[in-house]
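Novice: Kindly generate the corresponding structure for this input.
(one chain, ligands or ions: 2)
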Amino acid sequence: MKYELSKKQIDDYQENGFLVIENFLTPQELQRWQHDTDEAVAQRLELQPGFLNNQANPDDFYSRVFTQCLRLADTHDGMHELMHDPMLGQMIARLSGVNGIRIWHDQALYKPPFGNPTGWHLDNPYWSFYHRQSISIWVALDDATLSNGCLYYIPGSHRQARNDNVGISSNIGALFNTYPEWRSIQPVACPCQAGTAVLHSGYTAHGAGANMTISPRRAMTCAYMPDGSTFNGQRNILPEKYFQSLKIGDLLQDNEVNPLIWKEN
Ligand SMILES: O=C(O)CCC(=O)C(=O)O
Ligand SMILES: [Fe+2]
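Specialist: Ligands and ions are numbered 1, 2, ... in the order given. Model (predicted):
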């Protein structure tokens, strides 16, 4: 894995709210990520037959945006090893400028053949903490192209975003009703080869195109919470019992739920 970051890459990330790292994985590493992600997703779908984004109706628009499998590191040893890599944690912390990083959740996002576009959204407002330095990595397991649903970003939006958000629905541009000031910023498309990592701030507006091809567009992602983040009252992925035990403002520091993968000593 290409863990090194230049000052220019860090500056670009801070300026634009996203960063593309080509050849992040070597061809051998890419094979492993593809294999482990496919296996972990297949196991998850076997355990929960018919599982598609927890939507009752498989014909629902959102079910056809992507097959979304969360927290695969909990159920797959290989994925656990990939996601808990402290070197990856250190890189993520350097890019976002924090001194400790926890996993919020990993998730595989497979956009199926003829899959719907991913509506414009912000990530962090969905989560159970708010932190301006939250960050995600999105690793392409297939070439992501303009034809099969590569990512798009609104550069600089992370500096203006609030915690207002919209659901990922069939109105893919709904976010621009909440943030009309972004209607005049040209989105940047990020087509990339398999093995590329694309990183974005939890406050950068992003979406992805439709998949107009006969093959899936697979990605493995992980969202991170800076160490020291506090509970904002939203459940999101928190286990029910833990959620019930929390008060707004409590530190989120349960290592089972949100593993600390790197901390500066
Ligand atoms: O893969 C996609 O279509 C969307 C990815 C995304 O929203 C994310 O990684 O936060
Ligand atoms: Fe997202």
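
Novice: The top helix by length along the chain: which residues count as buried?
Specialist: Under DSSP state H, the helix in the chain containing the largest number of residues is helix 27-47. Of all the residues in helix 27-47, those buried under the rule 16 or more other Cβ atoms under 10 Å are 29-30, 33-34, 36-37, 40-41, 44. C-beta here means a position set from N, CA and C on the backbone, and glycine is covered the same way.

Novice: Nearest to Ser215, out of the residues you listed: which one, please.
Specialist: Taking Cβ to Cβ as the measure, Gln34 is the one of the buried residues of helix 27-47 closest to Ser215, at 13.0 Å.

Novice: so what pLDDT did the nearest residue to the closest one once chain neighbours are set aside get?
Specialist: Of all residues not flanking Gln34 in the chain, Leu141 sits nearest, at 5.0 Å (Cβ to Cβ, 6 or more residues apart in numbering). At Leu141, the predicted lDDT confidence score is 98.

Novice: cool, and Trp127?
Specialist: In the prediction, the pLDDT value recorded for Trp127 is 98.

Novice: so who does it touch?
Specialist: 104, 134, 202, 223, 225, 232, 234, 236-237 (Cβ atoms under 8 Å, 6 or more residues apart in numbering).

Novice: taking the residues you listed one by one, which sit in helices?
Specialist: Counting by DSSP H, the contacts of Trp127 contribute nothing to helices.

Novice: any chance of these in a markdown table, plus pLDDT, distance to ligand 1 and neighbour count?
Specialist: Shown next, in a markdown table, are the contacts of Trp127 (pLDDT from 0 to 100; distance: Cβ to the nearest ligand atom, whole Å; neighbours: other Cβ atoms under 10 Å):
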| residue | pLDDT | distance to ligand 1 | neighbour count |
| --- | --- | --- | --- |
| Trp104 | 98 | 11 | 29 |
| Ser134 | 98 | 11 | 24 |
| Gly202 | 98 | 9 | 27 |
| Ala223 | 98 | 7 | 22 |
| Met225 | 98 | 14 | 25 |
| Asn232 | 98 | 18 | 18 |
| Gln234 | 97 | 17 | 16 |
| Asn236 | 96 | 13 | 12 |
| Ile237 | 95 | 14 | 17 |
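
Novice: Greatest separation within those: which pair is it?
Specialist: The two members of the contacts of Trp127 with the most space between them (Cβ to Cβ) are Ala223 and Asn232, at 14.9 Å.

Novice: pLDDT score assigned to Val166?
Specialist: 83.

Novice: How many residues are close by the closest residue to it other than its chain neighbours?
Specialist: The shortest distance from Val166 to any non-neighbouring residue, by Cβ to Cβ, 6+ apart, is to Ala174 (4.4 Å). Residues lying near Ala174 (other Cβ atoms under 10 Å) number 16.

Novice: from what I can see Ala174 touches Leu122, true?
Specialist: No - counting by Cβ atoms under 8 Å, no contact exists between Ala174 and Leu122, whose distance comes to 11.9 Å.

Novice: Tell me the helices and strands packed up against the lengthiest strand in the chain.
Specialist: Counting residues, the longest strand found in the chain (DSSP state E) is strand 100-111. Under the contact definition 3 or more Cβ pairs under 8 Å, 6 or more residues apart in numbering; DSSP states H and E, strand 100-111 sits against helix 27-47, strand 67-70, helix 77-83, helix 86-96, strand 217-226, strand 260-263.

Novice: From the contact counts, what lies against the fifth one?
Specialist: Using 3+ Cβ pairs under 8 Å, 6+ apart as the contact test, the elements touching strand 217-226 are helix 27-47, helix 86-96, strand 100-111, strand 135-140.

Novice: Compute the first-to-last residue distance for stretch 237-257.
Specialist: 9 Å (Cα to Cα, to the nearest Å).

Novice: ditto for stretch 43-59
Specialist: In stretch 43-59, first residue to last residue: 22 Å (Cα to Cα).

Novice: pLDDT of that stretch, averaged?
Specialist: The pLDDT scores in stretch 43-59 average 69.

Novice: Report the mean confidence score over the helix or strand following the longest strand of the chain.
Specialist: As assigned by DSSP states H and E, the chain's next helix or strand after strand 100-111 is strand 118-121. Average pLDDT, strand 118-121: 96.
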